[in-house]
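*Asks:* structure of the sequence below:
(one chain, ligands or ions: 1)
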Amino acid sequence: MPELRQSIAQHYHQRTKYDPQTIAAKNKGLDWAKQPVPFKEYKIGSEFDLKPYIQEKPEVFTNNPESQWWQRLSRLLFCSYGLTAKMPSMGSAVYLRAAPSAGGLYPAEVYVVSRGTPFLPPGLYNYQCRSHSLMHYWESDVWQRLQSACLWHPALDSTQLAIIITAVFYRSEWRYEDRAYRRICLDSGHLLGNIELASAIADYRPHLIGGFVDEQVNELLYIDPVQEGAIAVTALADLLDIQQNLPTGPTALPSATETDYPEVPDGELLSYFHCSTQIQQGTIGKLNLPQVKPEKSLEDKYNFPFCQKISTVTTPIDWGKNLEELEFTILHRRSTRAYNGQNLTFEELKTLLDFTYQPQNYIDQGLDIHPDYFDLNLIETFIAVSGVEELETGCYYYAPQAQELRQIRFKNFRRELHFLCLGQELGRDAAVVVFHTADLKSSVAQYGDRVYRYLHMDAGHLGQRLNLAAVHLRLGVSGIGGFFDDQVNEVLGIPNEEAVLYVTTIGRPR
Ligand SMILES: Cc1cc2nc3c(=O)[nH]c(=O)nc-3n(C[C@H](O)[C@H](O)[C@H](O)COP(=O)(O)O)c2cc1C
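*Replies:* Numbers count the residues shown, from 1 in each chain. Sure, this is the predicted structure:
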């Protein structure tokens, strides 16, 4: 019988694993002369300044519909990807943004497409976070082309604005080489998390569109597809316009599954793989499309016999009047650089889990109770507990439907977590370390190779919610994109078919 070849997504994942035996050889050092610049510049175009609107409280604009409209868009973009801190670095300054990014490299770019609203003329805009402005670099209407590129997704019928996230690959590749694709998608997921929550603050509803013909979206944006590629599209429904109160549509469509790929050399794998995850024009009719949005599965995936089960049901976070606390938290979020090793209370852990996985508990506060993910049924959560009062140390499976922790291994893993996170002290000193995982083989069987993007963006999106809950609770939090993949499963007892997508550390800041 011929050997069954893995799909390119599985191959990419395997090839980009960190392993204690080979990591030293892979670490070649950085070429500082080629350090990428994390901003795009436009030589021509007209600028729409969004700054005046974030400097004022919303009440100031109540009687002026035009200013009110601008303020909502300004807040949405600022809370999604605005510059929120300036850090001195080697004689100059580094700017940090509302969304975190692996290594602070910010591969994601944000574009706004307007169908033509009373205030924003039709065309294409790049969000310039340095000046908090929109650069109008293409003035013709491209909405129909966007609809066609997004395979006539129903949300684009009635909306007038869309946000497109692209990735400038080299920015992240410079440091992380082929493995950068994972971090690019995780970063984009964090950004999608901000877009979801900032939309609620500014009365928009983002409809996530993962199924689009990549080449058409890239052409529409006039980007060089070798350097930069579209990763996600969201149609932005204006919730103050009754006609835009839309039902949700499908978020994830499948691509092909490639098993007949050549030997791709190191350094070229990221580009090759990105192309393989694209939806090609004309292929979509031949694919097995899921017609409806995947229903939340009713059963949690793992239910280990005889394991201890602990309920995590708790009171939701109160985000304050008009979600003011949420906005404050988004704008003050930072990744923690060191923990002091002290415990979390069990109540704090329960609150983190409640905000991240139980959006239905936030209906009274005006948050989306079914925020769009690509397909959360594919993602599992495991938590290594090193220091939580009332909770035995060990590794737990978090069952989101049952809202309980199910213990799989008893042990204090601090020493091992230090090693698993490539010797980063964040792993050792955190009170809990959250692992998001997925069964790659069955995910590819459902959505083709494109699922690799979906999985990492969904994991990043969950990571952003964890970040914001932690910051609200005055805890420290940091994502970790570098870990010894296979050893995580071995050491913590996570089933082998679960590929580790992302790690989030949480603890008390030092
Ligand atoms: C996907 C991802 C992976 C990350 N990996 C690490 C990591 O391995 N180690 C670390 O110290 N910080 C990590 N970070 C945190 C970034 O370094 C941090 O987001 C960046 O420096 C910007 O700072 P800010 O989050 O405070 O805005 C990661 C962040 C993201 C989003």
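*Asks:* domain assignment for this protein?
*Replies:* 49-83+100-249+255-286, 309-507 (automatic domain parsing).
*Asks:* I'd like those as JSON lines, with distance to the ligand appended.
*Replies:* All C-beta spots, glycine's among them, are computed from the backbone N, C-alpha and C. Formatted as JSON lines, these follow (distance: least, Cβ to the nearest ligand atom, whole Å):
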{"stretch": "domain 49-83+100-249+255-286", "distance to the ligand": "3"}
{"stretch": "domain 309-507", "distance to the ligand": "3"}
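*Asks:* do the worst-scoring helix or strand of the chain on mean pLDDT and the ligand meet?
*Replies:* Using mean pLDDT, DSSP states H and E, helix 23-26 stands out as the lowest-scoring helix or strand of the chain, at a mean of 83. No. Using Cβ under 6 Å from any ligand atom, helix 23-26 stays clear of the ligand, with a minimum separation of 13.2 Å.
*Asks:* which element follows that helix toward the C-terminus?
*Replies:* Moving toward the C-terminus from helix 23-26, the next helix or strand (DSSP states H and E) is strand 46-49.
*Asks:* can you give the contact residues for the helix or strand just after that next one?
*Replies:* Tracing the chain C-terminally past strand 46-49 and defining elements by DSSP H and E, one meets helix 51-54 next. Applying Cβ atoms under 8 Å, 6 or more residues apart in numbering, the external contacts of helix 51-54 come out as 61, 67, 70, 71, 73, 74, 75, 78, 82, 131, 132, 133.
*Asks:* would you mark the buried spots in stretch 209-225?
*Replies:* Using 16 or more other Cβ atoms under 10 Å as the test for burial, stretch 209-225 gives 209-218, 220-221, 223, 225.
*Asks:* which of those sits closest to residue 39?
*Replies:* Of all the buried residues of stretch 209-225, residue 39 sits closest to residue 223, with 14.7 Å by Cβ to Cβ.
*Asks:* for my notes, confirm the closest one occurs in a helix.
*Replies:* No. Residue 223 is assigned coil when assessed by DSSP: H, G, I helix; E, B strand; the rest coil, not a helix.
*Asks:* next, the contact list for it, please.
*Replies:* If you count contacts by Cβ under 8 Å, 6+ apart, then residue 223 has 166, 229, 230 around it.
*Asks:* what pLDDT, on average, does stretch 217-228 get?
*Replies:* For stretch 217-228, mean pLDDT rounds to 98.
*Asks:* for the residue nearest to residue 421 when sequence neighbours are not counted, pull up the helix or strand it's in.
*Replies:* With sequence-adjacent residues excluded and distances taken as Cβ to Cβ, 6 or more residues apart in numbering, residue 421 is closest to residue 427, at 3.0 Å. For residue 427, the enclosing helix or strand under DSSP H and E is helix 425-429.
*Asks:* report the buried residues of that helix.
*Replies:* 426, 427, 428, 429.
*Asks:* circling back to that earlier point, wait, the residue nearest to residue 421 sits on residue 433?
*Replies:* Yes. With contact defined as Cβ atoms under 8 Å, residue 427 reaches residue 433; the gap is 6.1 Å.
*Asks:* need the overlap of contacts for these two.
*Replies:* 417, 421, 503, 505.
*Asks:* which pLDDT does the model give residue 93?
*Replies:* 88.
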